[in-house]
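Visitor: I would like the atomic coordinates for the input below:
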Amino acid sequence: MAFELPKLPYAYNALEPYIDAKTMEIHYTKHHGTYTTNLNNAIAGTELENLPIEQIIIKGFDKTPIRNNGGGYLNHCLFWEWLTPDSKGKPEGSLASAINESFGSFDAFKEEFSKTAAGRFGSGWAWLLSNNGKLSIGSTANQDNPLMPGVGATGTPILGLDVWEHAYYLNYQNRRADYINAFFKVVNWNKVAELFESSK
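Guide: All right, here's what the predicted structure looks like:
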């Protein structure tokens with residue numbers, strides 16, 4: 001069964017001024033759309049085509065088209081859910097406690113996550129990861145996902161930030177740090193908390 005581009009849970013302009021409508025439209029229709037099409041083409045007629053995406057990116061990791069497009073497909077499916085126009089600004093409950101336990105405070109977490117995102121050379125992602133409820137921060141290159149083997153970050157991704165230039169360049173140009181700061185204005189902490197609970 002072919003993978004489909006998931007429906008965005010908000011309008012293209014819903015995250016303005018932090019993420020502009022044109023960037024959202026191009027990012028979603030062109031970039032995510034292309035990953036979806038290329039993933040389907042890469043797995044068609046193979047033993048992978050009826051597997052869940054999480055298994056495809058692991059079992060097909062040694063095949064570059066599957067690694068790149070499978071990762072791109074999954075990462076973006078998650079990314080849209082990690083964004084919301086109704087952000088609370090900060091996590092609450094057990095997620096907030098886990099962040100405080102792992103990093104000392106929310107501000108310390110935000111500083112480390114931002115530094116990791118800013119420090120990713122070239123294209124890639126910054127991640128908040130859960131290993132059975134223990135949190136860590138990591139980053140991966142290109143469209144690699146932490147579920148893949150040997151990509152430099154390990155765990156279940158419960159929050160991720162796309163730092164490819166296509167995610168921010170129309171609005172922020174080379175000011176990646178400004179984009180990272182804006183990202184924290186639209187994080188869907190309810191979704192992050194949900195993924196955190198299921199990762200335990």
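
Visitor: return the residues in contact with the residue nearest to the spatial centre of the chain.
Guide: Closest residue to the average C-alpha location of the chain: residue 160 at 3.5 Å, with C-alpha atoms, centre = their mean. Contacts of residue 160 were listed using C-beta atoms under 8 Å, 6 or more residues apart in numbering, and they are 75, 78-79, 82, 125-128. Backbone N, C-alpha and C define where each C-beta goes, glycine included.

Visitor: show me the residues you listed that map onto strands.
Guide: 125-128 (DSSP state E).

Visitor: what about the helices in the protein?
Guide: For the chain, helices defined by DSSP state H occupy the ranges 21-25, 33-43, 53-59, 64-81, 93-103, 106-119, 169-172, 176-183, 189-199.

Visitor: any idea how far the residue nearest to the centre of the chain lies from residue 176?
Guide: 15 Å (C-beta to C-beta, to the nearest Å).

Visitor: list the buried residues for stretch 155-173?
Guide: Of the residues in stretch 155-173, 155-164, 167-168, 170-172 count as buried by neighbour count, 16 or more other C-beta atoms under 10 Å.

Visitor: so how far is it from its chain's centroid?
Guide: Distance of stretch 155-173 from the chain centroid (C-alpha atoms, centre = their mean, to the nearest Å) equals 7 Å.

Visitor: same question for stretch 3-17.
Guide: 14 Å.
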